[in-house]
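K.L.:
Pasting the sequence and the predicted model now:
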Amino acid sequence: MYTDKLQAGSIFPNIKATLSGGEVVNLSEPEHGREWKMVVVYRGKHCPICTKYLNSLEQYVEDLQELGVDLIAVSADSEQQLKAHKEELNVSFPLAYGLTQEQMLQLGLYISTPRNAQETDHNFAEPALFVINGDGKIQIVEITNAPFSRPDLDILLSGLRFIRDPENNYPIRGTFSK
């Protein structure tokens, strides 16, 4: 099956999801006075690799904040699944739920069907990570079809430090097209 992938340098779409407290947020809009936004898409509560990755991401929150990068993670889970998942998570950044299949397609994500009812009760997105710059454009995009293929967080943070340093004048990469 072919999916339209979001391109580096394109405007991140207006996608909304719901936080565990019920507040609806726009995934592309940075908050707390920050200029950039990192959106981490994860498979859901059923994925132990996602739980580990989200917990690992917590150690980078302060560094991201210092770089002016706001962080949110989102899945297609229900509110109940997110609440149950939060018991396994030790994170301070916002977690959103309710990503629809239409939104997943709009983001160009790989979508999987559950292997069985014990895994989960809905189609879900495979992992992705988007870094949206101050102009609302996709600075970094990582879309994968498997839970064990994700960006190394140390390397990602190092790269963001380099990109965010104005002296480097680092452009959005990967924008060449025919």
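P.N.:
Good, I have the coordinates.
K.L.:
Identify, by residue count, the longest helix of the protein.
P.N.:
In the chain, assigned by DSSP state H, the helix with the most residues is helix 153-164.
K.L.:
tell me the phi and psi of the most centrally placed residue in the chain?
P.N.:
Against the mean C-alpha coordinate of the chain, by CA atoms, centre = their mean, the closest residue is Val40 at 1.5 Å. Note on Val40: its backbone torsions stand at phi -110, psi 120 [degrees, to the nearest 10].
K.L.:
which residues in this protein form helices?
P.N.:
Under DSSP H, the chain gives helices at 48-57, 61-66, 79-86, 101-106, 153-164.
K.L.:
Figure out which of these is closest to Gly22.
P.N.:
In terms of CB to CB, the element of the helices of the chain nearest to Gly22 is helix 79-86, at 8.2 Å. Bear in mind the C-beta positions are built from the backbone N, C-alpha and C, glycine included.
K.L.:
residues in contact with the closest one?
P.N.:
Applying CB atoms under 8 Å, 6 or more residues apart in numbering, the external contacts of helix 79-86 come out as 18, 20, 44-45, 51, 75, 77, 95-98, 120.
K.L.:
Relative to Pro171, which of the residues you listed is nearest.
P.N.:
For the contacts of helix 79-86, the nearest to Pro171 is Ala96 (29.8 Å; CB to CB).
K.L.:
beta partners of that closest one?
P.N.:
Judged by DSSP bridges, the bridge partners of Ala96 are Leu19, Val74.
K.L.:
Look up how far Ile155 lies from it.
P.N.:
According to CB to CB, to the nearest Å, Ala96 stands 25 Å off from Ile155.
K.L.:
quick one: which of the two has more around it?
P.N.:
Ala96 (23 against 9; other CB atoms under 10 Å).
K.L.:
what's near enough to touch that one?
P.N.:
Contacts of Ala96 (CB under 8 Å, 6+ apart): 17-20, 25, 27, 72-75, 82.
K.L.:
And those, which of them are buried?
P.N.:
17-19, 25, 27, 72-75, 82 (16 or more other CB atoms under 10 Å).
K.L.:
Would you reformat those residues as TSV and include pLDDT?
P.N.:
Converted to TSV, the buried ones among the contacts of Ala96 look like this (pLDDT from 0 to 100):
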residue	pLDDT
Ala17	97
Thr18	97
Leu19	96
Val25	97
Leu27	97
Ile72	98
Ala73	98
Val74	98
Ser75	98
Leu82	97
